[in-house]
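Chemist: Pasting the sequence and the predicted model now:
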Amino acid sequence: MKDKALFLDRDGTINVDYAYVYKTEDFKFIDGIVELCQNAQKKGYKILVITNQSGVERGYYTIEDMNRFNDFMKSEFLKNNVEITDIYCCPYLNHPDRKPSPDMFIRAAKEHNIDVENSISTGDKKRDIDAAKAAGIKKNYLFTQENEADYNTVKKLTDIIQYL
C-alpha cells in the first residue's frame, strides 16, 4: 500500500522569503505552516519539501549553506513535533529537475512509495503548482493573497487542513 504526502515548497511557503534565504538566523515560519503539517502528519501524510534553490548557482550561497539551512529547518519542525520525511532541492538555473518540471516530485514519490493521486501540494508560485499537477497530484493549492484563475488559491495555509 502506498502512502500519501503533503508536498511543500520551501521559501514563501514554509519560511518567510527574504530572497535567497540561507542564513539560519533569517529562518522564520510562515503563519499556519506548523499547524498544517501537524494536522497532515496526524492524518498519515508524509511531509516532503520540493524546492528550487538557484541561489547556489547564482553564487549567493553554497550547497553547504543550503544543506545547513535545510537541517536547521527540519530541527525547528521537530521542536513542533513535525517530521520532514525528505527534502528535494534543485540548486541550478537550467536543469531538468527545476520546477516547473515535475521531476523532483516524481523522484520523491518513487523513493517514498507515494500515491500522488491522494496527495496534496502547496506552494507560493504557479510553477510549484504546475510541477505538482504534471506529476499527477490532484489536490494543489497556490498560497497567495491574489485570486488566480485556473488555480485553487488559499490565503492562509491553515485553509488547506480541511482538504487533508
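Modeler: Cool, got the structure. Numbers count the residues shown, from 1 in each chain.
Chemist: Tell me which residues are up against stretch 21-36.
Modeler: Residues from elsewhere that reach stretch 21-36, judged by CB atoms under 8 Å, 6 or more residues apart in numbering: 6, 8, 11-16, 18, 55, 60-61, 65-66, 68-69, 72-73, 76-77, 80, 82, 122, 143, 156-158, 160-161. The C-beta positions use only the backbone N, C-alpha and C, and glycine is treated the same way.
Chemist: again, 7 Å this time
Modeler: Applying CB atoms under 7 Å, 6 or more residues apart in numbering, the contact partners of stretch 21-36 are 11, 13-16, 18, 55, 61, 65-66, 68-69, 72-73, 76, 80, 82, 156-158, 160-161.
Chemist: again with stretch 48-64
Modeler: For stretch 48-64, contacts defined as CB under 7 Å, 6+ apart pick out 5, 7-11, 14, 20, 22, 66, 84-93, 98-99, 104-105, 108, 112.
Chemist: how does it look with 8 Å?
Modeler: By CB under 8 Å, 6+ apart, the residues outside stretch 48-64 that reach it are 5-11, 14, 20, 22, 66, 70, 84-93, 98-99, 104-105, 108, 112, 114, 121, 127-128, 131-132.
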